[in-house]
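[1] here is the input, now give the coordinates:
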Amino acid sequence: MGSTDGGAFRRMLRKLTSDVDVLDADDLSEDSERSGAQRASECACGQEVTMLGRLRSVEFCPADDSAAQLQAELFDGTEGVTLVWMGRRRIPGIEPGRTMRVRGRISVRDGRKVLYNPYYEICQAQ
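    Numbering: from 1, shown residues only. Okay, here's the model as predicted:
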């Protein structure tokens, strides 16, 4: 048996025995790398980044109109990044499960990476 056959067998065995969340994270990370986007785990505060990932959650906070903001968590397979759109209650198409490409400057708030008012593009699921 050649080395490529053993590698294919190992990959198939891994897919059969691994947790679905781990496999999904691996797929997201590979898609992100193929598209040329940066990995969230490798981004630093102040860096201009382009990331590709899937929205895990979307919420409107707070109820007060003067400080309205829409928050979403983007997961790229390595780490989650919080996306914040100031002054927005809702953005059509921004909903959990959507795959998006975002661009902006990374900040850190309460120990978490954040992109404020990022440029975004909704992508087709891979």
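[2] sheet-wise, list the partners of the longest strand along the chain with their directions.
    The longest strand of the chain (DSSP state E) is strand 48-61. Take DSSP bridges as the rule and strand 48-61 pairs in its sheet with strand 69-75 (antiparallel), strand 99-109 (antiparallel).
[3] for the first one, list every residue counted as buried.
    When burial is assessed from 16 or more other Cβ atoms under 10 Å, strand 69-75 yields the following buried residues: 69-70, 72-75. To be clear about C-beta, it is placed using only N, CA and C from the backbone, and glycine gets the same treatment.
[4] can you put these in CSV and add distance to residue 122 and pLDDT?
    Shown next, in CSV, are the buried residues of strand 69-75 (distance: Cβ to Cβ, whole Å; pLDDT from 0 to 100):
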residue, distance to residue 122, pLDDT
69, 19, 88
70, 14, 91
72, 12, 94
73, 16, 93
74, 12, 92
75, 15, 89
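[5] now, which of those sits nearest residue 102?
    When these are compared for distance to residue 102 (Cβ to Cβ), residue 74 wins out at 6.3 Å.
[6] tell me the contacts of the closest one?
    Going by Cβ atoms under 8 Å, 6 or more residues apart in numbering, residue 74 touches 40, 51, 53-56, 80-83, 100, 102, 115.
[7] from the residues you listed, which one has the minimum pLDDT?
    Lowest pLDDT among the contacts of residue 74: residue 40, with 84.
[8] residue contacts, it?
    Residue 40 is in contact with 51, 53, 74-76, 78-81, 113, counting by Cβ under 8 Å, 6+ apart.
[9] excluding chain neighbours, what is closest to it?
    Spatial nearest neighbour of residue 40, chain neighbours left out: residue 79 (4.0 Å); criterion: Cβ to Cβ, 6 or more residues apart in numbering.
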